[in-house]
Every structure is written in C-alpha cells, then in structure tokens.
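A.B. asks: Model the structure of this input:
(one chain, ligands or ions: 1)
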Amino acid sequence: MGVPLLDLPAQYRELQSEIDAAMHDVMSTAGFIGGPKVKALEEAIAAYCGTSHAVGCGNGTDALILILEAMGIGEGDEVITSPFTFFATAESISQVGATPVFADIERDTYNIDATLVEAAITERTKAIMPVHIFGQCADMDAINAIARKHGLKVIEDACQAIGATYRDKRAGALGDAAAFSFFPSKNLGGAGDGGILTTDDADLAARARKLGNHGTAKKYFHDALGHNSRLDALQAAILSVKLPHLDRWNEERRTAAAVYDELLADLPLTVPVRRAYGEPVYHLYIVRTPEAPRVMEALKAAGIGTAIYYPRSLHLQEVYADLGYALGSLPEAEAAESETFAIPCFPGITREQQEEVARVLREALS
Ligand SMILES: *Cc1c(COP(=O)(O)O)cnc(C)c1O
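C.D. replies: Below is the predicted model of the structure:
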C-alpha cells in the first residue's frame, strides 16, 4: 500500500459541487480581476486571522514583497530572518534591495531562535521576519519584545501556518503585518498561485494594495512604481468555498500528528516538538534521524511519499555566496538539512495509511 505525501485531488472531490458552482459564477459574470469575490475573501481572511485588513495579491512571495515595500524597506536596509525556510522568505528581502541577515534556528522547532536575534541587529536593521515553519508559530512574544526595544517592524512569514495559534491569537495577527500563500499544497490552497497579506495598520494596507496594483489608487493616475500582483476572482471564489473547512482540516492534521507521535514513540526518531504557547497546524510532519538518507530510500521503495524540507539552508545558497556566510556559521540549520524529512500528514489520511508509514519506518530503523 503506497501512501502519498499529500492528497490534493481528495480535497477537490470533497467539495466538488460547491467549487464548480463558485467557478461557474465567476465565469458567467466574467469579473476575473478584483470584484466582490476578492473583497469577500479579504474580509473573511481578516476576520479569520483577527486583523482589521487583508489585501489579496498574486502569491505569498509578493505578499512579503508588498509588505516590505509598503514599510519603506529597501536599499541599504537589513532584515533578520531564518535560514531554514523556503527560498521566497529571503528572496523577498533581496528583491526589494535590502539584505537578509540570518539568525540560526532552534534545534527542536526549526523556528528562528529568538535568543540569537538581538546579536544580529545592526544600525541598518529595519525588521525581523520570523517564519512559522511547518505550521508552528515562532516565539512571537520574545521576537516582538526585541523589536519594540530596537524600534523594528515584525513581518510574519505565515505562508505555512494559516490557522496556527500563539496564545490567544492566530498567525497573521502576531506582528505588524503577515504574508500568506495559497499555493495549492498549503493548508489553504487555491487552484494555482495566490496570496494575501494581513495587518491592523490601515495605511500599510492601503499602500500595499496600491503597490500591488501598479502604484495606483485612482485608475490611470500613478504616484508610485508598483507591480501587477492581484488575487484572481477565480482563486478567491475557490478559496472562499474552502475557508469554512480549514479549521476541520487543520484539526485532522493535528489528529494525524498525534497518531504518529504515538506510533513512532519507541523508535530512534525525533518527532515534531510542540510548544505550549499555541496550536500548530502541521503543514508538514517532520521527523529527524542521522539515518535520514537510508530511511527515505526505504520509504520511497515502499511507495510512501517523503521529501526534504529543506536540503540547503538559505545562507549557503549559491546566490547568497556574496553575503559571506561560512559553512558551520549556522550549525543548527545545517544539521537539520541532512537529518530531517517529511512523512505523509494531510487531512483525511487514514489510520491504516499511518500504520503502514510507521511499519516501514520501524523496519528501516531496526
Ligand atoms: C510557500 C511559501 C512562500 C511563498 O509562497 P508562494 O505563494 O509560493 O509565493 C514563502 N514562504 C514560505 C515559508 C512558504 O512556505
């Protein structure tokens, strides 16, 4: 019995009639850019995250870029972030002309280590960009305290963490602004690219909206250089059908994670650590062993989906050679690269599928 890493077609089958109707609605009115579907999704996401504003855009990377630009961050500025994340996190910082500065991660959560952030601050630092990696929030109280002390902005890369909580709040409402991605495999995924940013700052939201729409707030009058980065009405329509199911899907991921925690408890394998400060949403269920390459081979041979997130930390990427990080400079991120991998964990995964994954892991590790 093979087990996929993720089962996206199942998500469509579950909601097919509603999704098809929502798409048909957009097709028959031909209102493809902006309009009521996008506005409705923005309002629903803002309400869900507990922020006053949400602004749709082309993808999660653009959401980060629009936030940075709306904050006036660019050439000569530095932004402190995690080296253990998808490339887009640091790419957004570089794309606005600023420089990413990497602080190492916590060994157990893989999130940026807040105790290392202060040492990375210089007079050029403008913001901290924590990533809620694999769906668990970074330690936002500690990060916000450092930011307040040094007058820095906090930008959440919440692309993997929609619905995750930190104390009594949700990801997206934990800093000055946050970016979400609707990439199909994210916990709330569209039928293509899409993204949204959230904030309580009305001016920031208005600036980001303008920058994502060619620098115009009034059609054909431009007072800034912007981008063409808007959320399609088709995506908004599909996402609005899916959003009411997100909490249940996230709960199913948490249940699946608890089942693995139990099935794998006696194996020489580190399972994800959950901090007491909030509920993660298990975008990925990451396990750790020095035997990672061999164990992954066994999983693949048994038809079980597995992948490395991420095989190369960002400070060691070729494109960042000029930043001058030596091998060994961020040891926890570098150790995680070669010892961690994801196993199937998605809404609807069955106990039998999980037992099969556990059986293959047990065999490979014994
Ligand atoms: C997916 C992702 C992004 C980028 O989102 P896109 O919609 O693909 O542009 C950024 N950061 C993290 C952590 C992500 O997982």
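
A.B. asks: In this protein, which residue sits closest to the ligand?
C.D. replies: Using Cβ to the nearest ligand atom, the closest approach of the chain to the ligand is made by residue 60 at 2.6 Å. Backbone N, C-alpha and C define where each C-beta goes, glycine included.

A.B. asks: Residue 89 is in contact with that residue, correct?
C.D. replies: No - applying Cβ atoms under 8 Å as the test, residue 60 and residue 89 come out as separate, 9.4 Å apart.

A.B. asks: For the two, list the residues in contact with both.
C.D. replies: Residues touching both residue 60 and residue 89 by Cβ atoms under 8 Å, 6 or more residues apart in numbering: residue 157.

A.B. asks: Run a quick neighbour tally on residue 355.
C.D. replies: Residues contacting residue 355 under the criterion other Cβ atoms under 10 Å number 14.

A.B. asks: The residue of the chain closest to the ligand: what's it in contact with?
C.D. replies: Contacts for residue 60 (Cβ under 8 Å, 6+ apart) come out as 88, 157, 159, 179-183, 186, 195.

A.B. asks: switch the cut-off to 7 Å
C.D. replies: 88, 159, 179-181, 183, 195 (Cβ atoms under 7 Å, 6 or more residues apart in numbering).

A.B. asks: Likewise for residue 138?
C.D. replies: If a contact means Cβ under 7 Å, 6+ apart, then residue 138 has 111-112, 130-132 as its contacts.

A.B. asks: Return the distance of the longest helix seen in the chain from the chain's centre.
C.D. replies: When the chain is parsed with DSSP state H, its longest helix is helix 8-29. On the basis of Cα atoms, centre = their mean, to the nearest Å, helix 8-29 sits 24 Å off its chain's mean C-alpha point.

A.B. asks: Helix or strand next in line after that helix, which one?
C.D. replies: Later in the chain than helix 8-29, the nearest helix or strand by DSSP states H and E is helix 36-49.

A.B. asks: Would you indicate which residues of that next one are buried?
C.D. replies: For helix 36-49, a neighbour-count test (16 or more other Cβ atoms under 10 Å) marks 37-38, 40-42, 44-46, 48-49 as buried.

A.B. asks: Report the mean per-residue pLDDT for that helix.
C.D. replies: Mean per-residue pLDDT for helix 36-49: 98.

A.B. asks: Name the strands paired with whichever helix or strand comes after that helix and say parallel or antiparallel.
C.D. replies: Going down the chain from helix 36-49, the next helix or strand is strand 53-57, by DSSP H and E. In the sheet, strand 53-57 lines up against strand 195-199 (antiparallel) (DSSP bridges).

A.B. asks: hmm, the partner strand in reach of the ligand?
C.D. replies: Yes - using Cβ under 6 Å from any ligand atom, strand 195-199 comes into contact with the ligand via residue 195.

A.B. asks: Next, the angle from that strand to helix 36-49.
C.D. replies: 50 degrees (axes from the mean of the first three to the mean of the last three Cα atoms, to 10 degrees).

A.B. asks: quick one: average pLDDT of strand 195-199?
C.D. replies: Strand 195-199 comes out at a mean pLDDT of 98.

A.B. asks: which residues touch it?
C.D. replies: Defining contact as Cβ under 7 Å, 6+ apart, one finds that strand 195-199 is touched by 42, 45-46, 49, 51, 53-60, 62-63, 66-67, 172-173, 176-182, 205, 208, 231.
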